[in-house]
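Undergrad: Need coordinates for the following:
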Amino acid sequence: NTPSNEAARLYDLALDQLVYYYDHPSYMGLLATMRKMLQADPDFIPGLLLVSSLKMFMSKDRAARAEFDDICTRFPREEMNSWHRAHLDAARCLYREDLIGALKRYSDTSKTWPYDLHSLNLGFVLGLVTGQTHYMRDIPLAALPHYKAHHPHYGLVHGKLCFGYAE
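TA: Take a look at the predicted model:
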């Protein structure tokens, strides 16, 4: 996805900060990590879609939508791989403020790619915000068989599943 090892490393670090809800002090937090990631590779599609999705989810800012328009112009959907297209489709729903549509796409994506923390987390959070709380159970439940005890996100998936059952 990127010739930049630094962009890939920072993408993983950004996802960890996102799913564990913490700002890594060595990297000055999630926003700084994402900024550095895109500086390392301004054409890194997963990073661009992560940043764009978060911005559109958290605000109705026109600049966030303009950034998404730019991504769609620079990287035509038909030239993307299936994982990128899945994230693009979810982001397109966020662009239209269709939270349920984005939730369903993130749910589908997390079933196809169970280690995809971007889909796992945004789908989980959208389940909470939209009141579609069964997704908070179903998304981690579908991913769980792929996580073994030695996997670094094993506890995260179990925690989300427990919270999902409680909701």
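
Undergrad: Where do the helices of the protein begin and end?
TA: Counting by DSSP state H, the chain has helices at residues 5-20, 29-40, 45-58, 62-74, 82-95, 99-112, 117-130, 134-143, 154-166.

Undergrad: dump the residue contacts of the spatially most central residue of the chain.
TA: Nearest residue to the geometric centre of the chain (CA atoms, centre = their mean): H118, 2.3 Å. Neighbouring residues of H118 by CB atoms under 8 Å, 6 or more residues apart in numbering: 15, 18, 46, 49-50, 53, 87. C-beta coordinates here come from the backbone N, C-alpha and C atoms, glycine included.

Undergrad: Run a quick check on S4 versus F44, I expect a contact.
TA: Yes - with contact defined as CB atoms under 8 Å, S4 counts as touching F44 (6.9 Å).

Undergrad: These two - which one has more neighbours?
TA: The neighbour comparison of S4 against F44 (other CB atoms under 10 Å) goes to F44, with 21 against 18.

Undergrad: Which per-residue confidence value corresponds to the spatially closest residue to L18 that is not a sequence neighbour?
TA: Closest residue in space to L18, ignoring its immediate chain neighbours: N121 at 5.8 Å, by CB to CB, 6 or more residues apart in numbering. pLDDT for N121: 95.

Undergrad: Thank you, goodbye.
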